[in-house]
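**Q** Starting from these lines, generate the structure:
(2 chains)
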Amino acid sequence: MINAPEANSQGQMGSLLVSFFFVIAGVVTLYDTTGYTDRDSQVFPQTVAIILIITASISLVTRFLKPSDEGGFGDGVWWRRCLLIAAMFLACFTMPYLGFLPAGAIAFAGGLIAAMHDRWSVGTVLLYWVSGAVTMVAFFSLFKFVLLVPLP
Amino acid sequence: MEFGHFLSALTPLNLGLALFGVIAGTVVGSIPGLTATMALAVLVPITFSMEPASALILLGAIYTGAIYGGAYSAILLNTPGTPSAIATTFDGYPMAKRGDGDLAVALACFASVFGGMVGAIALLFLAPPLSKVALAFGPVEYFWLSVFGLSLIASLSDGNLAKGLAGGAFGMILSTVGVAEISADIRLTFGSQVLIGGFGVVGALIGLYCIPVLIDLVAVPDRHLKVEDDVKSVRIGEAYRIAMKSKFNLVRSSVIGTVVGILPGAGGSVAGLVAYSEAKRTAKPGQKFGEGEPDGILATESANNATVGGGFIPTLVLGIPGTPPDAIVLGALLIQGVRTGPSMFSQSGSIVYTFIYGLIIATILMLPAGLLIGRYAYKSIVSIPKAVLVPAVGFMTIIGTFAIHNSVSDVFIMLSLGVFGWVVARFGFKASPIVLGLILGPIAEQGFVQGWTIGAATNNLLGMFFGRPISQGILAFTLITLFLPLFLERKHRKTARKTNQ
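**A** I've put the predicted structure just below:
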């Protein structure tokens, strides 16, 4: 959990950092366009990158001059968020090696543990894991055998 | 156009195909990652052995059902099932969060049926004259249309226009990543093979809308949706009364959807966004778009379903498919040996009119089927424990994104965009402007570059961009959309100040 003053400074700093990131993204885009061979490929990204730099700079300067407590990551348990994201990325990276279903099971297990706020009991363990397995196998079968998606 | 064609559409086989198509399309459309295009592509082979009219009825029913089905996940999971339902998330998910998800689902069904009917009736009576609209739209008109769509950023910015515009511009830059369509330059990939294919719209939609919701859901122990103690059914009567009160919004949005549907390349997502923008521009005092306003759902859902009939107009009359699903239907027609073109309505009248009547019947069947499926979907989503719903939706996002191009890279991009979207949203950069830029960026770029090239070649750049009547009309609407709210607010403040004095 984050207390109020921390959240305020977090909102201010985070907003400045995100605006700065967008300015940098615009500059990088402008730099990248210098390597294109055709003028037709350059004109649109260049125009949009300039708009991005201007608008993100306005946002950055405005926030710098008028600090506010808006924004921030708010309440919530970080390890649950991180577990969910980590499990989904792990599933993505292991998919070519393990196959879709085992990799999907990693994502499902991570999501289930992350989202479970109640106390585990034998009943919920069985019910949730079995229903998860049924859901995964049903979707896997639908995509692989009905929609003919070549799942690994 | 004879009564016999109507009777041909009413045969038990055609009725059964229409019902099956609507149900199959609705189910497929409601799964994030499975689009109307994919539903049609998968099911088109089973039409090869059918009569042409029956085959078309099945494909039309799947198409219309899939466009409607996209609303379920948009409302209940904040994830547009199809790109057409992007704007449905703006008000649908807030409604679901406050306990009105059942009402939102019923509203989406009524609006989809109404919009679908308007599109199909336009196809029945006005196809040849309306097809000329498609030909009147040149690259510059497409450019201005996308700018009009982008003007919606102003109202999606939550009071911070600079952040909204920055998000929109960033989305447009993301849309340029990969191989340039016009000149084949490789842009912004930084040598990465993963980025050569660019950012797919569907994967980006899933990532930017769905992953942040999942991250928020796991962090706190609250329920995923607020529900009444006794969930009995979708609120049909209440939804009907709201829809009847917003007749003008329904008609206007359906006409917008039909006209945008006629324009090749625009499609349901642009139609939904333009209709939403118009509904918001003409909002009555007290209407809060973006916070669970029923008119937002009515506008989007009627417009995106109206594109189905509208899109068939250039497909059948000119042989120019308006959207990817239209292209699949066109391919199916060619396989059946039916030639499209201006003479199709006279030479193959029985096929065309039987199909149009079949499309109308399928749209009508969508009302009971949609409400029934909607009731089931709503009850399922609200009653599934969050601990099972979150990983199940997470699994669906992975499998749905993978299925788009059978690529693990797409899954990686989707997840990365999701985490990025969650982080920037915490600091006021909402996902919707980024998505808007991502969708409208390619249309804007193509129109802008082609218009620029033609204008430069004819030495008339200003005339090319500002001298054409349709361009001027769209530009005027864009300016009104951007500045009218500011003008009205200023006028309102002046009046309030005078009253206080």
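**Q** avg pLDDT for stretch B:296-316?
**A** Averaged across stretch B:296-316, the pLDDT comes to 89.
**Q** can I get the CA coordinates of it in PDB?
**A** Presented in PDB, the C-alpha positions along stretch B:296-316 are these (Å, rounded to 0.1, in the frame of the first residue of the first chain):
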ATOM      1  CA  GLY B 296     -23.100   6.200 -26.400                       C
ATOM      2  CA  ILE B 297     -23.900   2.500 -26.800                       C
ATOM      3  CA  LEU B 298     -27.000   3.200 -28.900                       C
ATOM      4  CA  ALA B 299     -24.900   5.400 -31.300                       C
ATOM      5  CA  THR B 300     -22.000   3.000 -31.600                       C
ATOM      6  CA  GLU B 301     -23.900  -0.300 -31.900                       C
ATOM      7  CA  SER B 302     -26.500   1.100 -34.400                       C
ATOM      8  CA  ALA B 303     -23.700   2.600 -36.600                       C
ATOM      9  CA  ASN B 304     -21.500  -0.500 -36.600                       C
ATOM     10  CA  ASN B 305     -24.300  -2.800 -37.600                       C
ATOM     11  CA  ALA B 306     -25.500  -0.400 -40.300                       C
ATOM     12  CA  THR B 307     -22.100  -0.800 -42.000                       C
ATOM     13  CA  VAL B 308     -23.100  -4.400 -42.800                       C
ATOM     14  CA  GLY B 309     -25.800  -3.400 -45.300                       C
ATOM     15  CA  GLY B 310     -23.900  -0.300 -46.300                       C
ATOM     16  CA  GLY B 311     -20.700  -2.300 -47.000                       C
ATOM     17  CA  PHE B 312     -22.600  -4.700 -49.300                       C
ATOM     18  CA  ILE B 313     -23.600  -1.700 -51.600                       C
ATOM     19  CA  PRO B 314     -20.300  -1.100 -53.200                       C
ATOM     20  CA  THR B 315     -19.500  -4.900 -53.000                       C
ATOM     21  CA  LEU B 316     -22.500  -5.900 -55.000                       C
END
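**Q** How about it, which residues are buried there?
**A** If you call a residue buried by 16 or more other Cβ atoms under 10 Å in any protein chain shown, then stretch B:296-316 has these buried ones: B:296-316. Where you see a C-beta, it was placed from the backbone N, CA and C, and this is true even at glycine.
**Q** show me what contacts residue 104?
**A** All of this refers to chain A. With contacts defined as Cβ atoms under 8 Å, 6 or more residues apart in numbering or on different chains, the neighbours of residue A:104 are A:91, A:136, A:140, B:395, B:398-399.
**Q** Oops, wrong one, chain B.
**A** Listed by Cβ under 8 Å, 6+ apart, the contact set of residue B:104 reads B:75, B:91-92, B:95-96, B:294, B:297.
**Q** just curious, which of the residues you listed is nearest to chain A?
**A** residue B:96 (17.9 Å; Cβ to the nearest Cβ).
**Q** and the helix or strand of chain A with the lowest mean pLDDT, is it in reach of chain B?
**A** For chain A, using mean pLDDT, DSSP states H and E, the weakest element among its helices and strands is helix A:4-33, scoring a mean of 84. Yes. Remark: helix A:4-33 sits within contact range of chain B at A:11, A:14-15, A:17-19, A:22, A:25-26, A:28-29, A:32-33, by Cβ under 8 Å from any Cβ of the partner chain.
**Q** which of those lies closest to residue A:146?
**A** Looking at those and their distance to residue A:146, the nearest is residue A:25, at 40.9 Å (Cβ to Cβ).
**Q** what about that closest one, distance to residue B:420?
**A** Residue A:25 is 11 Å from residue B:420, where distance means Cβ to Cβ, to the nearest Å.
**Q** how does chain A divide up, domain by domain?
**A** Recorded structural domains for chain A (assignment: automatic domain parsing) are A:4-65, A:78-146.
**Q** out of those, which comes closest to residue B:349?
**A** Ranking the domains of chain A by proximity to residue B:349 (Cβ to Cβ) places domain A:78-146 first, at 35.9 Å.
**Q** Now render the domains of chain A as CSV, adding distance to residue B:370.
**A** Rendered in CSV, the data for these read as follows (distance: least, Cβ to Cβ, whole Å):
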stretch, distance to residue B:370
domain A:4-65, 39
domain A:78-146, 21
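**Q** any idea which of those scores lowest on pLDDT?
**A** Between the domains of chain A, the lowest average pLDDT goes to domain A:4-65, which shows a mean of 88.
**Q** how far out from the middle of the chain is it?
**A** Centroid separation for domain A:4-65 versus its chain: 19 Å, with Cα atoms, centre = their mean, to the nearest Å.
**Q** try stretch B:260-270
**A** Its chain's C-alpha centre lies 9 Å from the corresponding centre of stretch B:260-270 when counted by Cα atoms, centre = their mean.
**Q** residues in contact with residue 14?
**A** Unless you meant another one, I'm taking chain A. Applying Cβ under 8 Å, 6+ apart, one finds that residue A:14 lies in contact with A:71-73, B:426-427.
**Q** Correction: the question concerned chain B.
**A** For residue B:14, the residues meeting the contact criterion (Cβ under 8 Å, 6+ apart) are B:8, B:53-54, B:57, B:354, B:358, B:361.
**Q** can you do 10 Å?
**A** Residues counted as contacts of residue B:14 (Cβ atoms under 10 Å, 6 or more residues apart in numbering or on different chains) are B:8, B:50-51, B:53-54, B:56-58, B:61, B:354-355, B:357-358, B:361-362.
**Q** same deal with residue B:458?
**A** Under the criterion of Cβ under 10 Å, 6+ apart, the contact list for residue B:458 reads residue B:464.
**Q** shared neighbours, residue A:25 and residue B:420?
**A** The contact lists of residue A:25 and residue B:420 share residue B:170, where a contact means Cβ under 10 Å, 6+ apart.
**Q** Find the nearest non-adjacent residue to the spatially most central residue of chain B, please.
**A** Centroid check for chain B by Cα atoms, centre = their mean gives residue B:84 as the closest residue, at 1.6 Å. In space, and not counting its chain neighbours, residue B:84 is closest to residue B:268: 3.0 Å by Cβ to Cβ, 6 or more residues apart in numbering or on different chains.
**Q** got it, and residue B:291?
**A** Counting by Cβ to Cβ, 6+ apart, residue B:291 lies nearest to residue B:94, which is 5.4 Å off, once chain neighbours are set aside.
**Q** Can you name the element that comes right after the least confident helix or strand of chain A?
**A** Counting by DSSP states H and E, the next helix or strand C-terminal to helix A:4-33 is helix A:39-65.
**Q** Packing partners of the helix or strand that that following helix is followed by?
**A** Using DSSP H and E, the helix or strand that follows helix A:39-65 in sequence is helix A:78-98. Secondary-structure packing of helix A:78-98 (3 or more Cβ pairs under 10 Å, 6 or more residues apart in numbering or on different chains; DSSP states H and E): helix A:100-115, helix B:211-219, helix B:386-405, helix B:408-426.
**Q** Would you check how far apart residue B:256 and residue B:69 are?
**A** Taking Cβ to Cβ as the measure, residue B:256 and residue B:69 are separated by 21 Å.
**Q** Looking at those two now, which is surrounded by more residues?
**A** Regarding residue B:256 and residue B:69, a neighbour count based on other Cβ atoms under 10 Å in any protein chain shown identifies residue B:69 as having more, with 34 against 27.
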